[in-house]
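A.B. asks: got a sequence here, can you build the structure:
(4 chains)
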Number of protein chains: 4
Amino acid sequence: MIPRKLRMGMIGGGPGSFIGAIHRIAAIMDGEIELVCGAFSSDAEKSKQTGVSLYLPPGRVYSSYPEMIRGEAALAENERMDFVSIVTPNHLHFEPAKLALESGFHVVLDKPVTFNSAEAKELKVIREKSGKLFCLTHTYTGYPMVKEARQQVLSGTFGRIRKVYVEYPQGWLSASLENSGNKQAGWRTDPLKSGVAGAIGDIGTHAFNLAEYVSGLKVKMICADINAVVKGRKLDDDGAALLKFEQGASGVLMATQVAAGEENNIKIRVYGEKGGIEWKQDDANTLLVKWQDKPTECWKAGAGYLGSFAKHNCRTPAGHPEGYLEAFANHYRNFAGCVKAKMNGDTPGEEWLDFPGIEDGVRGMLFIEKAIESGKSDMKWISLDE
Amino acid sequence: MIPRKLRMGMIGGGPGSFIGAIHRIAAIMDGEIELVCGAFSSDAEKSKQTGVSLYLPPGRVYSSYPEMIRGEAALAENERMDFVSIVTPNHLHFEPAKLALESGFHVVLDKPVTFNSAEAKELKVIREKSGKLFCLTHTYTGYPMVKEARQQVLSGTFGRIRKVYVEYPQGWLSASLENSGNKQAGWRTDPLKSGVAGAIGDIGTHAFNLAEYVSGLKVKMICADINAVVKGRKLDDDGAALLKFEQGASGVLMATQVAAGEENNIKIRVYGEKGGIEWKQDDANTLLVKWQDKPTECWKAGAGYLGSFAKHNCRTPAGHPEGYLEAFANHYRNFAGCVKAKMNGDTPGEEWLDFPGIEDGVRGMLFIEKAIESGKSDMKWISLDE
Amino acid sequence: MIPRKLRMGMIGGGPGSFIGAIHRIAAIMDGEIELVCGAFSSDAEKSKQTGVSLYLPPGRVYSSYPEMIRGEAALAENERMDFVSIVTPNHLHFEPAKLALESGFHVVLDKPVTFNSAEAKELKVIREKSGKLFCLTHTYTGYPMVKEARQQVLSGTFGRIRKVYVEYPQGWLSASLENSGNKQAGWRTDPLKSGVAGAIGDIGTHAFNLAEYVSGLKVKMICADINAVVKGRKLDDDGAALLKFEQGASGVLMATQVAAGEENNIKIRVYGEKGGIEWKQDDANTLLVKWQDKPTECWKAGAGYLGSFAKHNCRTPAGHPEGYLEAFANHYRNFAGCVKAKMNGDTPGEEWLDFPGIEDGVRGMLFIEKAIESGKSDMKWISLDE
Amino acid sequence: MIPRKLRMGMIGGGPGSFIGAIHRIAAIMDGEIELVCGAFSSDAEKSKQTGVSLYLPPGRVYSSYPEMIRGEAALAENERMDFVSIVTPNHLHFEPAKLALESGFHVVLDKPVTFNSAEAKELKVIREKSGKLFCLTHTYTGYPMVKEARQQVLSGTFGRIRKVYVEYPQGWLSASLENSGNKQAGWRTDPLKSGVAGAIGDIGTHAFNLAEYVSGLKVKMICADINAVVKGRKLDDDGAALLKFEQGASGVLMATQVAAGEENNIKIRVYGEKGGIEWKQDDANTLLVKWQDKPTECWKAGAGYLGSFAKHNCRTPAGHPEGYLEAFANHYRNFAGCVKAKMNGDTPGEEWLDFPGIEDGVRGMLFIEKAIESGKSDMKWISLDE
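C.D. replies: Numbering: from 1, shown residues only, chains lettered A, B, ... in the order given. Purely as a prediction, here's the structure:
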């Protein structure tokens, strides 16, 4: 047993970052992880400032990620970081992840996993070779009621799955924010930083991942309509796709960043022969369970009647809502539990192992590239087979 | 001024009919229409029984629609029906509508307008020649908050329209009801009675009509995925389509009858550059108006701040909910108002004229046929130009 | 069997009336009742105008209610009205109801039943002597899901009832509308027309009636806080009361007309040992059924799994919402069914008999007077025993 | 500037504690506080175990709170804790808080502040004398949308406040849990540990505090109905009260632990002359703002249009829900900010100062004692003047 918190280093997350602060809260909330070092910006001064604001000792704040990884690797085992959390824009995912894994560090990486599909596949090989643990932060599968949904669906209670509807409507890119200095909008609409996709990569992958996770089914074919709605935008800010899943199910995926007035209400519905489920982030602690011949049931996070996966991922009793940060923290907590188990030579339970990994990343990149390809094609269906 | 109720005859709506009773309530609720005669079934005895249960004088209950139309036409002007309401299955729409129009009667017709597109176009010509009024009962556009949505969208308050999401999920055909004697399921899944489409014709047309009505935009191209999910079913019971609208908008339409656990929660969302609207039947008296930079607003039926179209179609003060029957009744009331205006030589206001007509029927049949065609095609986009 | 619609006469409901039009829609909607005569206003000219607008024959439009009752009584049995619907302000309830009953007509009467408790008790005696049927239109107990709530509570499924919360918040009297010519506000705030109470009589009685109906328990004691919030108002526009029910249950009643921004969201919650129910008009087609150790269930109007009382009072399938007018119409339909049964010498089923009557009226007047008395008292609890 | 995290010690929160773990997550989440020591149980072995599970150095885990306070006080300034968080049952609040304050430590204390009113008043004097900061964790006023509600109400936007409805329905004590070994139920229903009140003290104080916080008005008089519903229970498990506020407002408070099926949906509504607000924990990221003549608005946590207090207390963008733990964390973060400001000789902004303190505690104890007194009294109104 390791009687200590796990030590985390962070790459990215300096001034102007949104997701860096989220990762830090999520990581430390449960008292199992501490932030011990960081390379927060490629600008050494900014990295330093961030380190100060986070109360890190100056010696553990680095000017670049290679410096950090090498520096930490050189520290004594009882001091150096155990894993690294990478929260940079997409084009800066692969290299630091590769270096970290090859240097013996476990990795938490923000989605989408890499800049393109080739990198994702390569990273998969690297990770396997390294034997290190890898977590991809598809936040929404960290929600307890999403886990409950999956557990119910996989249990067969609804019969064979027939339909999957998933959507992620946002409105924040309705206007050309990238031209008014918004850093978040800037890199997401820049093909050099974001990759071949905008909205499809940024939120479409979340929707896609959620759909495959909850249904337990892989998408086989897609037919996508991809649009760059705001004038002058080089990447898509809107898309929708018809989906064919394995085992005969079909579905629809909608992802847009120009639905003016929408926030982040990602939502999924899955239907089998006898009933189905509905979950949305706007009411994240509720899972609607629908039946063809019985009243709809409202399953609530924190309740005693939940399945093992949901229960494992709740902190508060029913009615005291947990949110986005706790969903995020669940991935960190489960990842940390598995890292510790590995260090201790233990086998973690299936509830601990249930966090997104490199396979989700490879699937996500495939989805991104095929969706964009489909958007440009006159052919109706495009295969998602790898 | 005609100081009397309008006189309605009904074709169909005998024993086992669902929609016939709905039409009757909707027609008479506002005290502007009375049911005076009917040919309720092709079975003379059943027609007679229905007539008795509706307190009709035996002489005004007919054994067939031709008999009724001829019989009524032969009555004195101050006695005979003013219009006919046709509530039979799809394959029995065209002929009675044709005969009624050609015999000088106004017509209310249940959707979809006819058995196929050719009939719809012919009926359009017949109606024009007849000079009679025609109402197609696409129920959902009768809701006051749907009318408010349209009025706000058309006013330009949201800027140019970019996205339209419309869905109609049902679950009632999740199992093979048609094989257990359910009359409603029976004809809807029978190609000889329903036409080329099942779910797409039954509820997809409602969704399509709602989308074009609220957005004020015509669909130009569709790409559809059409499925017969339940084994042995000859017609589709599920479908989804990507949509391209005129003026550059795009959208998604979902219609299914196998989403087990769903009832009738038809829902529409329309987004422009600055905000948008959301309406769903499950909360029919609320229109959500969303803005990119302001709080979402909940506009309520019956409120004093509504626009002219919504106000014209409300009976009760805000907070006293009106429902499906009142939405249906709005079409009848507006239709009746226009019939009376015509009789009196008046010009009705635009709020009265706002009920679905033969054009909606022609569009709907085009949608049905093109959606089914697209479902079978490998080509991605199929034009909806007439 | 009486093979005809019942014939209704109306007292009140002339120009400026709100509730008169509601009663007329509710009465005729189901095709079981027709309006045949009326004394719509004490102003003969206004009564006549209303008659014309309702397409009544001039000879059946009367200048006063005594004239109408006598006139109708003098008609042949196969022509004269069967019952009268009285929709005047409170101070004009007792006399026409008395005369109608004593003249052999069944009566539908708007709530509260009379101007004061003494009249209510007298009317009860008159009704008994007359042997005529009497319906008091407490609208909300006409909703199918309210009936379902009562049926579940009375079945004992939740164990002994412990708590009842009922509330009726409105905002429409937040400002001094009565001083700006609003007819509805005018009589409701006038002690000469409304009686000893304002809000408590107008909507508090609805809440009280709903509480006793759903819980199946009588209130034994109340402790009320009664306020006239808007300056210069002579009657209460706001109140709240602690309640003690028989069998040891307790509760809270809130009724206000100065909750600015509220519409008509009357709501009730009842809890027993194992679970309870929640219903509110804003989501009238849903009954929430809560359990201490199971997920909350959403029972929906129109569903096949409902109890006999709810089913008897639904017109449309689940998901096609019914509203306030249908709830109102349920009282008329059930009343009419019982009148017909009586005429035919039949015994109506318990679902038909389930409409509010003179006993509800007597209870309501007792509540009004005791609540107002409690509001002025320094004693905590005041008995509601008759 | 203090370039370090604040150091927290904890009293209570050992095995079986619910609220201890909540406090720890809330305290550390934002990276401004670290747990450095604890006296987690009066059982030395249990305290030690908890210390191990929290990765504390053995030397900082104490067997009793006096030992801890003395031990920490003896440490060097750059090592010893800055403040103590006390999470014991009610009867163990006063002594440790007193000792901590008198020993020079700031204090965070779980509610209700003390065992009785006398202790609360004494603690107020002690705190003043000590000059130390004090935070009472009334969780719900930590929610950003509750702060937004207060800011809007105090701004006068709704006019003078007239009505306040607050409620906290729970169901978890519907059965006699205290007799089946539930530790939480055990001490809460034990007069020796909980004080004169059960539900009124446990959740009634939350409701009371929320009402005074959001309305900005003090309660002047109460009239309470207090019940011990479950057989054999010595303390109340249910209560309701009529309230009179200063400036003429009135209201209702409901708090129960026997509403079987309810979780923790604390809810408040406040109405002024022109409109009002509604907030409930079940939809914690939304504030409904209602207007008499305009659509209801849904203000959302994280949105750019919020006031300064809400904004200061949000971590995530609109649509990414924050929950109970973040509300709790807001109190810790604001308290910590003020402690740091004090250490640095700075004056904190009003948003930082906005956390509940000893005054809220004194008010709460007064409410508890007067509510229980009122419950036993035949007099209607009991004054809450101190």
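A.B. asks: just checking, A:T316 touches D:L325?
C.D. replies: Yes. The criterion here is C-beta atoms under 8 Å, and A:T316 meets it with D:L325 at 6.9 Å. C-betas here are computed from N, CA, C, even on glycine.
A.B. asks: ok, these two, which is more surrounded?
C.D. replies: More crowded of A:T316 and D:L325, by other C-beta atoms under 10 Å in any protein chain shown: D:L325, with 24 against 21.
A.B. asks: mutual contacts of A:T316 and D:L325, please.
C.D. replies: Common neighbours of A:T316 and D:L325, counting by C-beta atoms under 8 Å, 6 or more residues apart in numbering or on different chains, are A:E322, D:I22.
A.B. asks: can you pull the contacts of the closest residue to A:I226 other than its chain neighbours?
C.D. replies: Leaving aside its sequence neighbours, A:I226 sits nearest to A:G375 (C-beta to C-beta, 6 or more residues apart in numbering or on different chains; 2.8 Å). Neighbour list for A:G375: A:A224, A:D225, A:I226, A:N227, A:D236, A:G239 [criterion: C-beta under 8 Å, 6+ apart].
A.B. asks: now with 10 Å, please.
C.D. replies: A:197, A:200, A:222-228, A:236, A:239-241, A:382, B:380 (C-beta atoms under 10 Å, 6 or more residues apart in numbering or on different chains).
A.B. asks: most neighbours of all these, which one?
C.D. replies: Neighbour tally across the contacts of A:G375 (other C-beta under 10 Å): the maximum, 33 neighbours, falls on A:I200.
A.B. asks: before we move on, back to that, which helix or which strand is home to the residue nearest to A:I226?
C.D. replies: helix A:358-376 (DSSP states H and E).
A.B. asks: A:K46 too?
C.D. replies: helix A:44-53.
A.B. asks: just name whatever secondary elements that helix is in contact with.
C.D. replies: Judged by 3 or more C-beta pairs under 10 Å, 6 or more residues apart in numbering or on different chains; DSSP states H and E, the packing partners of helix A:44-53 are strand A:6-11, strand A:33-39, helix A:65-73.
A.B. asks: please compute how far the first one lies from its chain's middle.
C.D. replies: Meaning strand A:6-11. Put simply, strand A:6-11 sits 18 Å off its chain's centre (C-alpha atoms, centre = their mean, to the nearest Å).
A.B. asks: likewise stretch A:312-329?
C.D. replies: Centroid separation between stretch A:312-329 and its chain, computed with C-alpha atoms, centre = their mean, is 17 Å.
A.B. asks: next one: stretch A:273-293
C.D. replies: Using C-alpha atoms, centre = their mean, the offset of stretch A:273-293 from its chain centre is 22 Å.
A.B. asks: between the two ends of it, how far is it?
C.D. replies: With C-alpha to C-alpha, to the nearest Å as the measure, stretch A:273-293 spans 12 Å from end to end.
A.B. asks: now it: buried residues?
C.D. replies: For stretch A:273-293, a neighbour-count test (16 or more other C-beta atoms under 10 Å in any protein chain shown) marks A:273-292 as buried.
A.B. asks: touching chain C at all, that stretch?
C.D. replies: Yes. Remark: stretch A:273-293 sits within contact range of chain C at A:T286, A:L287, A:L288, A:V289, A:K290, A:W291, A:Q292, A:D293, by C-beta under 10 Å from any C-beta of the partner chain.
A.B. asks: please enumerate the strands of the stretch 151-300 of chain A.
C.D. replies: Along the stretch 151-300 of chain A, counting by DSSP state E, counting those that start in this stretch, strands occupy A:161-169, A:219-227, A:238-245, A:250-256, A:267-272, A:275-280, A:286-291, A:296-300.
A.B. asks: what does the average pLDDT come to for the fifth one?
C.D. replies: Strand A:267-272 shows a mean pLDDT of 98.
A.B. asks: what of the second one?
C.D. replies: The average pLDDT within strand A:219-227 is 98.
A.B. asks: give the contact list for A:E246.
C.D. replies: Neighbour list for A:E246: A:I161, A:E212, A:S215, A:G216, A:L217, A:K218, A:V219, A:K220 [criterion: C-beta under 10 Å, 6+ apart].
A.B. asks: quick one, which of those are buried?
C.D. replies: Among the contacts of A:E246, the ones that count as buried by 16+ other C-beta under 10 Å are A:I161, A:E212, A:S215, A:L217, A:V219, A:K220.
A.B. asks: contacts only, for the second one.
C.D. replies: If I follow you right, that is A:E212. Going by C-beta under 10 Å, 6+ apart, the list of residues near A:E212 reads A:T141, A:V164, A:V166, A:K218, A:V219, A:L243, A:F245, A:E246, A:D360, A:R363, A:G364, A:F367.
A.B. asks: any idea how many residues pack against the first one?
C.D. replies: Around A:T141 there are 24 other residues, counting by other C-beta under 10 Å.
A.B. asks: and the closest residue to chain D within the stretch 151-300 of chain A, what pLDDT?
C.D. replies: Going by C-beta to the nearest C-beta, chain D is nearest to A:E263 of the stretch 151-300 of chain A, at 2.6 Å. For A:E263, the pLDDT comes out at 98.
A.B. asks: excluding its backbone neighbours, what's nearest it?
C.D. replies: Among residues not flanking A:E263 along the chain, D:G319 sits closest, at 2.6 Å (C-beta to C-beta, 6+ apart).
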